[in-house]
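> Structure, please.
(one chain, ligands or ions: 2)
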Amino acid sequence: MGKTLSEKIWDDHVVRSHAGEPDLLYIDLHLVHEVTSPQAFDGLRQAGRPVRRPDLTLATEDHNTPTLNIDQPIADPVSRTQVDTLRKNAADFGVRLHSLGDLDQGVVHIIGPQLGLTQPGMTVVCGDSHTSTHGAFGAIAFGIGTSEVEHVLATQTLPQAKPKTMAVNINGDLPPGVVAKDVVLALIAKVGTGGGQGYIVEYRGSTIEKMSMEGRMTICNMSIEWGAKAGLVAPDQTTFDYVQGRPHAPTGADWDAAVEYWKTLRTDEDATFDAEIDLDAAQLTPFVTWGTNPGQGVPLSADVPDPEVFPDSDDRIAATKALEYMDLRPGTPMREIKVDTVFLGSCTNGRIEDLRAAAEVIKGRQIADGVRMLVVPGSARVRLQAEGEGLDVIFKEAGAEWRAAGCSMCLGMNPDQLAPGERAASTSNRNFEGRQGKGGRTHLVSPPVAAATAVTGTLAAPADLPAAVSA
Ligand SMILES: CC(C)[C@H](C(=O)O)[C@@H](O)C(=O)O
Ligand code: SF4
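Ligands and ions are numbered 1, 2, ... in the order given. The predicted structure follows:
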C-alpha cells in the first residue's frame, strides 16, 4: 500500500524503531528562542555536553524583544535576563544567533523559511507550538517542550510516537476578499480546537495548490490551534520557486538533485489517511472570532452567537464564559463591535504578502479616531522589503505605527500589550484570556479585515469601506 506524505518523511528520519517504543527521529533543523531554551542549555552545561550539531541549530530573539528603541537596553528586567541568557548560551555553545538589530532577526517561524533553512522533506523542531508553520514546505515540523529541546541539542534526535494521519481537503476558488486566514479560522470553527488531536494533517486540494507559500504558512501555523501535532502541504513548483535562491537553499547540481527528491514527496494515490475532512473554499467569507479560543469564530456578516445555540453543554458553558470576558452580548452584529487597537503582525500574518494586503486596503485612507494600529513586520528583512516597496509610508500616512520585528502584541511578553478592557482586532493566532495583555480582548482576523477595521473602528472587511481618496 502507498504512503502518505508525512509517512514518507517520517520513515526517512527514523534512526531507531522498536516495538512498543516511540521511534527515534533524526532532526534536520532545530530552531531556538529565548523563552524555552534556558533550562535546556543549563541541562547540557550540568552534564558537560556540547551541542551535537550547532550547524543545524539556529537561534533568534523574538518574544521578549521590544519593537521600539531597539538600540537601547531592554528595560524590563525579566525580558532582559531572558535575552541575555540566550546570548550567553549561544556564545558558550557555538550556536548561531540573530540578535535584535541584526538583519536576519525576526520571529523564529518567519526567519527559518526566509533564510532557506526550512526545506521540503525535513524534520523541523523548536520549543514553540507554532513550529507547525514550517510544514507549509512539506516538512514535518512541530513544537517541543524544554526537556525535548535539551534532548535535541544533545543528540540531534528525538523520541516520538508516530501520529495518525489526516487529510484536510480544501477545494474551490476563494471568493474575493477571502484569504488563507479566513480558511483556517473557518476550519477551526468547524472542527473545534481539539479536532486535530493526535494527527499530522496534510492540507491538500485545489485551494491549497493555488495558494502562495505565505498563505500555506498561515494555515499550517494554526494547525496547533485545532490540536494537530503538525500540518503540512506537499511541495510543488510554488514551494521550489520560494526556496530557490535563498541563502541556505542548495545550488547548482545540488539544487537539481534536491528538487528531484522533493518531487517524490507526495501522498501516493493508493495511500489512505486515518481521517479526512472536506472544506468548500467557494462558500467561505471573511471570518472573525468572538470568543476566547480560536474555534469560537463566525463569518464577519454574522452576529455574536447565543450560547444556547450550542448543542454541547461544554460549548455552552465555554461560550457563556467567553462572552462575559469579551464583554459581548448575543445577537450583536460582529460588524458593530468597536476596537481600540489593531495588530498586524506575528508568525501567522507578519510576512510581506500580509503587509501588502493590508497596505492595499489602507492606502489613501485614514485610521479611525481613537484607534491605534501597530504594524509589526515578522522579521527585520520583511521590514526592509516593505520599506523598499513604500508600505511603511502608506501605513504611517494613514496613522499607523511602523515597528521593528518581533512577536510584539501577539503575546504579552514584551512592552506591546493591551491595557485591561481594551479590545483588539489581531492577525495573530491566539485569543485566549489575557493573551495580548491582562484583561485584553482579542478578535482574530485576516490582514485585509485588520486594515479595514482600523479604518472604520469596528470589525469590517475591505468591501465595507467607501472608496479611498486617491492621492
Ligand atoms: C512562548 C512560546 C513557548 C509560545 C508557544 O509555544 O507557542 C508562544 O510562541 C506562543 O505563541 O504562545
Ligand atoms: S508571533 Fe506569536 S505565535 Fe508566533 S512565535 Fe511569536 S508569540 Fe508565538
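
> does the strand or helix carrying Ala141 come close to ligand 2?
Using DSSP states H and E, Ala141 sits within strand 140-143. No. Applying Cβ under 6 Å from any ligand atom, one finds strand 140-143 separated from ligand 2 by no less than 9.5 Å. Placement of C-beta: from N, CA and C, glycine included.

> Enumerate every residue touching the closest residue to ligand 1 within the stretch 51-200 of the chain.
Per Cβ to the nearest ligand atom, Ser129 is where the stretch 51-200 of the chain lies closest to ligand 1, at 3.5 Å. Contact analysis of Ser129 by Cβ atoms under 8 Å, 6 or more residues apart in numbering lists 143, 224.

> repeat for the one 10 residues further on
Ala139 makes contacts with 9, 28, 118-124, 232, as judged by Cβ under 8 Å, 6+ apart.

> can we see that at 7 Å?
Contacts of Ala139 were listed using Cβ atoms under 7 Å, 6 or more residues apart in numbering, and they are 118-124, 232.

> Return the distance of it relative to Asp416.
Distance from Ala139 to Asp416, counting by Cβ to Cβ, to the nearest Å: 30 Å.

> can you check Gln296 too?
From Gln296 to Asp416 the distance is 24 Å (Cβ to Cβ).

> Just flag the most distant two among the contacts of Ala139.
Gln119 and Leu232 (12.6 Å; Cβ to Cβ).

> Of those two, which one has the most company?
Leu232 (29 against 25; other Cβ atoms under 10 Å).

> While we're on Val469, how confident is the model there?
Looking at Val469, its pLDDT is 69.

> Can you classify Gly364 by secondary structure?
The local conformation at Gly364, judged by DSSP: H, G, I helix; E, B strand; the rest coil, is coil.

> hang on, isn't it packed against Ala467?
No. Assessed by Cβ atoms under 7 Å, Gly364 is found out of contact with Ala467, at 8.9 Å.

> Give me the more crowded residue out of these two.
For Gly364 versus Ala467, the count of surrounding residues by other Cβ under 10 Å is larger for Gly364: 13 against 7.

> tell me the contacts of the residue lying closest to that one once chain neighbours are set aside?
Among residues not flanking Gly364 along the chain, Ala468 sits closest, at 3.6 Å (Cβ to Cβ, 6 or more residues apart in numbering). Contacts for Ala468 (Cβ under 7 Å, 6+ apart) come out as 363-365.

> roughly how far apart are Ala468 and ligand 1?
Counting by Cβ to the nearest ligand atom, to the nearest Å, the separation of Ala468 from ligand 1 is 34 Å.

> Could you look up the SS state of the closest residue to Val259 other than its chain neighbours?
What sits nearest to Val259 in space, not counting adjacent residues and going by Cβ to Cβ, 6+ apart, is Phe240, at 5.7 Å. Following three-state DSSP, we place Phe240 in the helix state.

> And Phe240, how close does it get to Gln114?
16 Å.

> Kindly report the same for Ala234.
Counting by Cβ to Cβ, the gap from Ala234 to Gln114 is 21 Å.

> Those two - which one has more neighbours?
A count of neighbours by other Cβ under 10 Å puts Gln114 above the other of Ala234 and Gln114, at 23 against 20.

> surely the more buried one meets Ser379?
Yes. In this structure, Gln114 is within contact of Ser379 by Cβ under 7 Å, at 5.9 Å.

> now the helices: where do they sit in the stretch 251-400 of the chain?
252-262, 313-326, 346-349, 352-362, 380-388, 391-398 (DSSP state H, counting those that start in this stretch).

> Enumerate the residues of the stretch 51-200 of the chain near ligand 2.
So far as Cβ under 6 Å from any ligand atom goes, the stretch 51-200 of the chain lies against ligand 2 at 62-63, 107, 109, 128, 130.

> Just give me the neighbour total for the residue of the stretch 201-350 of the chain found nearest ligand 2.
The stretch 201-350 of the chain approaches ligand 2 most closely through Cys347 (3.3 Å), counting by Cβ to the nearest ligand atom. Cys347: 27 surrounding residues under other Cβ under 10 Å.

> Next, give phi and psi for Thr458.
phi -130, psi 160 (degrees, to the nearest 10).
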